[in-house]
Each structure stands twice: as C-alpha cells, then as structure tokens.
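Peer 1: Sequence and computational prediction follow.
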Amino acid sequence: MKPTSITCAATLASVVSAGCFTTGQSWGADKQKVIDLMKQRCNMNFNADGLKGVWDKPGNGVPSRTVRFNLDNGRYARLTLTRIGDGGTDGNGYIKQGDCVDGLTKEINGCEHGGGSLYTNWEYKGDINKSGTDDDGP
C-alpha cells in the first residue's frame, strides 16, 4: 500500500506527520468491530498482550507491538503502536488507555484504507488486509 503524506505543525497535538493508504481493503462494515476490539486491547496492560502501560525506550527491548484481529470474509485488521521518543503520555514511556484509543481510532476513522501517524513520542498504524496477500503478517 502506498501512503499519501500530510505534514502538520500543530500547537497542542504535536503531530509530526500523518498519511493514509490509498489502495487496498477498506474498513467498510468492519470499522466498528475493529474499534471495539482495539478498545479492549488498549484497556489491557502491555505485559498481558495489551497496549497500555510502560514501554521500553527505542533500542531497549520491544518499543513496538502489533495486534491482529481476524474478521469475516478472510480479512484481518492489523494495528501497531510504537514508542518513538523518550517520553510517554506521562513523560516516562507510559501510554494511557485514552491516548491509545484516541491515536488508533484516528487511523481507523480518518483513513478508509488505513494509515499511520506520528504524535510526539508515539507512532500509530492501522491497516486492513485480506489473508493470503503480500501484506499478510503478524
């Protein structure tokens, strides 16, 4: 998939860049299901296969986690959260449930085919694919 990029300078949000994929599967009728599943993972601690909690700094362990949700019709959603900076939503590499949900929801609602954004210390990616394609992965 090829993203289109938008570079922004925001006073409060500190968005570094955002881009939407322009080809591939669209969220379609699965959009709300993916959002509901994502909210569950954002409410689970990192050490329990969730996304919220304290993350290692880039270069120290695992600063990225991808969750995959199998959907109907041989499709799946893949959401990735990556710590890209030294701080977190509290300055210590901790991401709160609300920030996790907010960032990933923007990728699902803002980009029909998925996309990715960088916000200060975090990178959020959301993508939907059909199983058996080149994009098939974790």
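Peer 2: The structure has been received and is ready for your questions.
Peer 1: My guess is residue 82 contacts residue 123. True?
Peer 2: Yes: between residue 82 and residue 123 a contact is recorded at 4.2 Å, counting by CB atoms under 8 Å. Backbone N, C-alpha and C define where each C-beta goes, glycine included.
Peer 1: can you map out the strands along the protein?
Peer 2: 3-7, 15-21, 53-54, 64-70, 75-83, 94-95, 114-119, 122-130 (DSSP state E).
Peer 1: Turn these into a markdown table, columns for mean neighbour count, mean pLDDT and distance to residue 46.
Peer 2: A markdown table is the format used below for the strands of the chain (neighbours: other CB atoms under 10 Å; pLDDT from 0 to 100; distance: least, CB to CB, whole Å):
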| stretch | mean neighbour count | mean pLDDT | distance to residue 46 |
| --- | --- | --- | --- |
| strand 3-7 | 12 | 43 | 27 |
| strand 15-21 | 18 | 74 | 23 |
| strand 53-54 | 16 | 78 | 4 |
| strand 64-70 | 16 | 90 | 7 |
| strand 75-83 | 21 | 92 | 10 |
| strand 94-95 | 19 | 82 | 9 |
| strand 114-119 | 23 | 92 | 18 |
| strand 122-130 | 22 | 93 | 13 |
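Peer 1: Those strands into CSV, with extra columns for distance to residue 108?
Peer 2: Putting the strands of the chain into CSV (distance: least, CB to CB, whole Å) gives the following:
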stretch, distance to residue 108
strand 3-7, 15
strand 15-21, 11
strand 53-54, 22
strand 64-70, 11
strand 75-83, 8
strand 94-95, 17
strand 114-119, 8
strand 122-130, 5
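Peer 1: Please consider this matter closed, and thank you.
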